[in-house]
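*Asks:* 3D model of this:
(2 chains)
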2 protein chains.
Amino acid sequence: MTPTFRDSELVNLSTHLLRAAGATDEEARTVSKYLVAANLAGVDSHGIIRLTEYVDGIRCGLIKPGSKMEVVKETGSTALLNGNWGFGQVICTQAMELAIRKAEGSGVSAVGIFHCNHIGRLSEYSTMAIEHGMICFIAVNSDPSVAPYGGKQAILSTSPISYAIPAGQKGPIVVDFATSAVAEGKVRTALSKGMKIPEGWIVNSAGHSSTNPADLYEPPLPPEQIKLSGALLPAGGHKGYSLSLVVEALAGALTGNGCDGEVKSGITNGVFIVVVKIENFVPLNIFKSTIDRLISTVKSSPRAEGFNEILIPGEPERREEEKRSKDGIPIPDASWESIVKVCRAYGLDAMSLARA
Amino acid sequence: MTPTFRDSELVNLSTHLLRAAGATDEEARTVSKYLVAANLAGVDSHGIIRLTEYVDGIRCGLIKPGSKMEVVKETGSTALLNGNWGFGQVICTQAMELAIRKAEGSGVSAVGIFHCNHIGRLSEYSTMAIEHGMICFIAVNSDPSVAPYGGKQAILSTSPISYAIPAGQKGPIVVDFATSAVAEGKVRTALSKGMKIPEGWIVNSAGHSSTNPADLYEPPLPPEQIKLSGALLPAGGHKGYSLSLVVEALAGALTGNGCDGEVKSGITNGVFIVVVKIENFVPLNIFKSTIDRLISTVKSSPRAEGFNEILIPGEPERREEEKRSKDGIPIPDASWESIVKVCRAYGLDAMSLARA
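*Replies:* So this is what the prediction gives:
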């Protein structure tokens, strides 16, 4: 039976493991909070399944626990931050706080981060702006895994973007997606479940379209360290490809994080953040009621064939959060086994930590 | 035979017509320059085919020639502008100049416009930032024509976005696309050519997928004034839909232009602009060489089956521009006839104006 845990149990387990692997107390707590928040929202690809990767990252020196974020360049409304290879979750939280503070003063701010590790789910950060009456955009780049439109070699990263938009009674609108046809994690999930994937997600090493998730990876499978032999495809052909280039330019070139193969590890992220204060344009309550009305109109409009409901971006995750907060978070067997294994390497018993 | 003109000939014709219809000298020149620039780039849907609509807009009082743009709210890095229903091209050019000036000072700026008429092709404006060493993002909303993902009623606008990113020897990267599966103009073009359209572009009034472009419009056809009976579909399902909601929030709700049916005319645009100064993050020459290298890597990478070449966003338009600058701009018969007709209404002879 698939083990199921309360969020607090997984946070406890994760915090202990990260501390044992060398993270400071604060890092372990922050990172664990974000990982489990992804599980709660149903985005298991960004949840505690990442623990083995993070622990490995510390061991290899990619993640440097205790590192302090450094402001390299700064004006009233912009900042460039060196993450000094600390935990992405810790750095990006501080970067968002800075971006919000700057937007509070000047109405708009832009913050870039380089030398930063995996920040996880983008919407954890973009939504921080909402309670301040602000709109946030985040773009993130990483190592190459996506072919350009018309190509078959992995050159671009999955280049996810997120937008968080405040609403009143409804919403908020929370957009968070990879500009590739699909996140790499979904191919990995299909692989672990022995399932086929839809046409249009990947090409194999020869550049041919494939529905076999194994074709994305270098053998042996399942991979210990992810190495791609094929490539993911961009979302919606040239449109996803164009957005991916934009993300590489913002999160890679503009931050100095690098792009086009300069990023060597899948747990390295370049991050670019823009925050806009709504009151600098229209009164916040009017903005919110406009968005509420837009949401109502969309949701109450007639449905296309095959749809039971029209959803707002962010809504499926909020529902899952509610459900899993009550019913617990199921952890797939393979993920649980890998966590048990990495805990054991540090002399820890995963199950008793979780149930402690 | 399809009439073909030099760009200067079309600018001359357009300027005379707009002046005759009531535009000031400066407005007529600016608007004509932008319309013909779209024709030069091969984007005929945003070219002088729009003249009849604009002349009609003046006649109905939607476009108010001679109106001055007004700054409603302003800080060092943000501004909200009332276009006072002047020509979109004139207002948006001034808005971009303001956004660039503000980003020069503070490193990032955000400018919104409401009560603005059709600005045409977004990339005409976003690319203005390039020579200043800046990256620009523009989002535009208009009247409803696109169904939400899972819906079948037109609620969202085609919500185009543009990004302009400086490069060195290569590029620039110029992204400019509708977040709908396709721009409405392409369906209109297929209709006028008696062609079918691909599955996934539109649904008919009953909400069924259709390959007949006529199914998008209220009869009688061809439409004098565009009224939709069906709806366009979002690009790439939920991703295009999500982006479209973001554009409605930024260009509609945040500017006060309105969204969700508040925008009554297809020539009304809400505009939201963000400009970022590259030197506030990394040295401009380093940024440019990073983008150059990214472009080289993408373009020289192995091609997928069925592709002769990998293109960079903006490249097809630059090639067409070069070609049409030399060979002239072919104007489809139907478009030419409509221009001849509207010229005649003002006692003007289109052909002799063009050839003057």
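*Asks:* Please state the backbone phi and psi of residue A:203?
*Replies:* phi -120, psi 150 (degrees, to the nearest 10).
*Asks:* Identify the bridge partners of it.
*Replies:* Bridge pairing for residue A:203 (DSSP bridges) gives the partners residue A:209, residue A:231.
*Asks:* count of residues packed around it?
*Replies:* 23 (other Cβ atoms under 10 Å in any protein chain shown). Just so you know, the C-beta spots here come from the backbone N, C-alpha and C atoms, and that holds for glycine as well.
*Asks:* got a list of what it touches?
*Replies:* Taking Cβ atoms under 8 Å, 6 or more residues apart in numbering or on different chains as the criterion, residue A:203 is in contact with A:147, A:152, A:209-210, A:215, A:230-231, A:233, B:304.
*Asks:* quick one, helices of the stretch 151-300 of chain A?
*Replies:* A:184-193, A:238-247, A:284-300 (DSSP state H, counting those that start in this stretch).
*Asks:* Name the surrounding residues that touch the very next helix or strand once past the longest one.
*Replies:* Downstream of helix A:284-300, the first helix or strand assigned by DSSP states H and E is helix A:315-327. The set of residues external to helix A:315-327 that reach it, using Cβ under 8 Å, 6+ apart, is A:4, A:7, A:39-43, A:123, A:174.
*Asks:* ok, now with 6 Å
*Replies:* A:40-42 (Cβ atoms under 6 Å, 6 or more residues apart in numbering or on different chains).
*Asks:* and which of those is nearest to chain B?
*Replies:* Using Cβ to the nearest Cβ, residue A:42 comes nearest to chain B of the contacts of helix A:315-327, at 15.0 Å.
*Asks:* Out of the helices of the stretch 151-300 of chain A, which is the most enclosed?
*Replies:* Most buried of those, by mean neighbour count (mean count of other Cβ atoms under 10 Å in any protein chain shown): helix A:238-247, with a mean of 26.
*Asks:* which strands and helices sit next to that one?
*Replies:* Counting contacts by 3 or more Cβ pairs under 6 Å, 6 or more residues apart in numbering or on different chains; DSSP states H and E, helix A:238-247 is packed against strand B:173-177.
*Asks:* swap the cut-off to 10 Å and go again
*Replies:* In terms of contacts (3 or more Cβ pairs under 10 Å, 6 or more residues apart in numbering or on different chains; DSSP states H and E), helix A:238-247 is packed against strand A:134-141, strand A:161-165, strand A:268-277, strand B:161-165, strand B:173-177, helix B:238-247, helix B:284-300.
*Asks:* Would you tell me which of those gets closest to residue A:109?
*Replies:* Nearest to residue A:109, of all these, is strand A:268-277, at 5.0 Å by Cβ to Cβ.
*Asks:* What pairs with that closest one, parallel or antiparallel?
*Replies:* Strand A:268-277 is paired, per DSSP bridges, with strand A:108-117 (antiparallel), strand A:134-141 (antiparallel).
*Asks:* got the CA coordinates for the longest one in PDB?
*Replies:* Taking C-alpha atoms only, strand A:108-117 is exported to PDB below (Å, rounded to 0.1, in the frame of the first residue of the first chain):
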ATOM      1  CA  VAL A 108       7.800  48.100 -10.000                       C
ATOM      2  CA  SER A 109      10.900  46.100  -9.300                       C
ATOM      3  CA  ALA A 110      13.200  43.600 -11.100                       C
ATOM      4  CA  VAL A 111      15.500  41.200  -9.300                       C
ATOM      5  CA  GLY A 112      17.800  38.600 -10.800                       C
ATOM      6  CA  ILE A 113      19.600  35.700  -9.100                       C
ATOM      7  CA  PHE A 114      22.600  33.700 -10.300                       C
ATOM      8  CA  HIS A 115      24.600  30.900  -8.600                       C
ATOM      9  CA  CYS A 116      21.400  29.600  -7.100                       C
ATOM     10  CA  ASN A 117      20.200  26.100  -6.600                       C
END
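*Asks:* tell me the pLDDT at the spatially closest residue to residue A:153 that is not a sequence neighbour?
*Replies:* Leaving out its chain neighbours, the residue that sits closest to residue A:153 by Cβ to Cβ, 6 or more residues apart in numbering or on different chains is residue B:301, at 4.5 Å. Note on residue B:301: pLDDT of 96.
*Asks:* top helix in chain A by residue count?
*Replies:* helix A:88-106 (DSSP state H).
*Asks:* okay, stretch A:181-200 in PDB with CA atoms only?
*Replies:* Listed next in PDB are the C-alpha coordinates belonging to stretch A:181-200 (Å, rounded to 0.1, in the frame of the first residue of the first chain):
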ATOM      1  CA  ALA A 181       5.300  20.700 -23.800                       C
ATOM      2  CA  VAL A 182       5.700  19.000 -20.400                       C
ATOM      3  CA  ALA A 183       7.900  19.100 -17.400                       C
ATOM      4  CA  GLU A 184      10.700  16.500 -17.400                       C
ATOM      5  CA  GLY A 185       9.200  15.200 -14.100                       C
ATOM      6  CA  LYS A 186       6.100  14.000 -15.900                       C
ATOM      7  CA  VAL A 187       8.100  11.900 -18.300                       C
ATOM      8  CA  ARG A 188       9.900  10.500 -15.300                       C
ATOM      9  CA  THR A 189       6.600   9.700 -13.600                       C
ATOM     10  CA  ALA A 190       5.300   7.900 -16.700                       C
ATOM     11  CA  LEU A 191       8.600   5.900 -16.900                       C
ATOM     12  CA  SER A 192       8.300   4.800 -13.300                       C
ATOM     13  CA  LYS A 193       4.700   3.800 -13.800                       C
ATOM     14  CA  GLY A 194       5.500   1.900 -17.100                       C
ATOM     15  CA  MET A 195       3.100   4.200 -19.000                       C
ATOM     16  CA  LYS A 196       3.300   5.600 -22.600                       C
ATOM     17  CA  ILE A 197       3.400   9.300 -23.100                       C
ATOM     18  CA  PRO A 198       1.400  11.400 -25.600                       C
ATOM     19  CA  GLU A 199       2.900  12.200 -29.100                       C
ATOM     20  CA  GLY A 200       4.400  15.700 -29.000                       C
END
